[in-house]
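# what's the 3D shape of this:
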Amino acid sequence: MKIATIILILFGGAKIVFSQQMPQYSQYLRNQFMVNPAAAGVYDFNDVTVSGRMQWMGFTNAPSTMYASASMPLGHRKPRESYNPSLHISSGPIRNPEIKTGKMKHAVGGQIVADQYGAFRQIQFSGTYAIHLPLTKKINLSFGTKVEVSSHSFLSDRAVVIDAPTDNTYSNFIVNQGTRNFLNIGTGLYAYSSKFFVGVSADQLTKGMVAFGSGTANFDPRMHFNFLGGYKIGLKNDMTLTPAFLVKFAKPVFPTIEGSLQFEYKEWIWA
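Okay, here's the model as predicted:
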């Protein structure tokens, strides 16, 4: 905490401070659908994921994110003569599903995200549609779009203000608070095969054009852009290595670059 205090003192004279506005995802390599809507339906199965992320552990009111997502390709089912809705039980490790390319397919998905940072809380509900088109037998290109409703709230009990009872501006601000809602649109392109993936996406394209609610806090939604890529390298002894990167950009902050390495053994144990 002493280091944080020193940093605040050193930069205490700054008039403008920028912070994150969109949820952050550590395991984007395992669920690219949260970063790019065009990644919905890449695998030919129904995918349901629940996850969470805690930032800055040890700091009071640090950012935290919880989400649940689901996506599935449309029209993907076994032939009628072989379809059996009964429960199937298998033993042994469950391998990763294959990525099938060379055919056109449609996919839908949805996301629920609860993101809290300091005195602000954001809850998102979104629906996604994606179409996958074959470029070659081994490479597909998908286009996806997302429609989202986000609810923003100011949590007065988490705001720390010196001499708040005598601060009329702060008191009026708290009295006029309520939930502020926005309608957001996101889109993305995603090219992939069994060996690589690369994609670009954009969030909050509508910014604050469609808003409703009684809140007066200036949430000011900004456009966010993501560039994602990775390549799977085959190693010996049934092991693979997948280096990947994620570049994020939103004005007026500088671009951020994240890198990751995923080791996988026999397609069912990974780190």
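# phi, psi of the residue positioned nearest the centre of the chain?
Nearest to the mean C-alpha position of the chain, counting by Cα atoms, centre = their mean, stands residue 34 at 3.4 Å. Main-chain torsions, residue 34, degrees, to the nearest 10: phi -70, psi -20.
# same check, this time on the one 4 residues further on
Phi and psi for residue 38, reported as degrees, to the nearest 10, are phi -70, psi -10.
# again with residue 156
phi -60, psi -30.
# residues contacting it?
119, 174, 177 (Cβ atoms under 8 Å, 6 or more residues apart in numbering). The C-beta positions use only the backbone N, C-alpha and C, and glycine is treated the same way.
# next one: residue 46
Taking Cβ under 8 Å, 6+ apart, we find residue 46 in contact with 70-72.
# and if we set it to 10 Å?
By Cβ atoms under 10 Å, 6 or more residues apart in numbering, the contact list for residue 46 reads 70-73, 76, 109.
# give the buried subset of those as a PyMOL selection command.
Under the burial definition 16 or more other Cβ atoms under 10 Å, those of the contacts of residue 46 that qualify are selected in PyMOL by:
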select buried, resi 70+71+72+73+109
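# now flag whichever of the contacts of residue 46 is closest to residue 22.
residue 109 (17.9 Å; Cβ to Cβ).
# in this structure that closest one contacts residue 36, no?
No. When contacts are counted by Cβ atoms under 10 Å, residue 109 is not listed as touching residue 36 (11.2 Å).
# any shared contact partners between these two?
128, 130, 144, 146.
# quick check: pLDDT value at the first one.
The model reports residue 128 with a pLDDT of 97.
# over to the third one?
Looking at residue 144, its pLDDT is 97.
# before we move on, the earlier item: lowest-confidence member of the contacts of residue 46, which is it?
residue 76 (55).
# quick revisit: just the ones of the contacts of residue 156 in helices?
Under the assignment DSSP state H, the contacts of residue 156 contribute residue 174 to helices.
# the residue lying closest to residue 270 once chain neighbours are set aside: how many residues sit nearby?
Distances taken as Cβ to Cβ, 6 or more residues apart in numbering place residue 264 nearest to residue 270, at 4.4 Å, with adjacent residues excluded. Using other Cβ atoms under 10 Å, the number of residues around residue 264 comes to 17.
# which element, helix or strand, includes residue 264?
strand 256-265 (DSSP states H and E).
# buried residues, that strand. List them.
262, 264.
# same question, stretch 203-216
203-206, 211, 215.
# and the helix or strand harbouring residue 109, what does it pack onto?
Counting by DSSP H and E, the element that carries residue 109 is strand 105-117. Counting contacts by 3 or more Cβ pairs under 10 Å, 6 or more residues apart in numbering; DSSP states H and E, strand 105-117 is packed against strand 47-54, strand 64-73, strand 120-134, strand 140-154.
# show me what the closest residue to residue 177 other than its chain neighbours is bridged to.
Computed as Cβ to Cβ, 6+ apart, the closest residue to residue 177 that is not its neighbour in sequence is residue 154, at 4.9 Å. Beta bridges link residue 154 to residue 120 when assigned by DSSP bridges.
# helices of the stretch 151-271 of the chain, start to end?
168-175 (DSSP state H, counting those that start in this stretch).
# show me the strands in it, by range?
Remark: strands assigned in the stretch 151-271 of the chain by DSSP state E, counting those that start in this stretch are 180-192, 196-203, 211-213, 224-231, 233-234, 239-249, 256-265, 269-270.
# how many residues are close by residue 137?
Neighbours around residue 137, by other Cβ under 10 Å: 10.
# same deal with residue 194?
Using other Cβ under 10 Å, residue 194 is surrounded by 12 other residues.
# quick check: it touching residue 43?
No. Residue 194 lies out of contact with residue 43 (Cβ under 10 Å); the separation is 11.2 Å.
# quick check: mean pLDDT across stretch 227-236?
pLDDT averaged over stretch 227-236 gives 93.
# ok, and for that stretch, which residues are buried?
227-228, 230, 232.
# over to stretch 32-49?
In stretch 32-49, residues buried by neighbour count (16+ other Cβ under 10 Å) are 32-43, 47.
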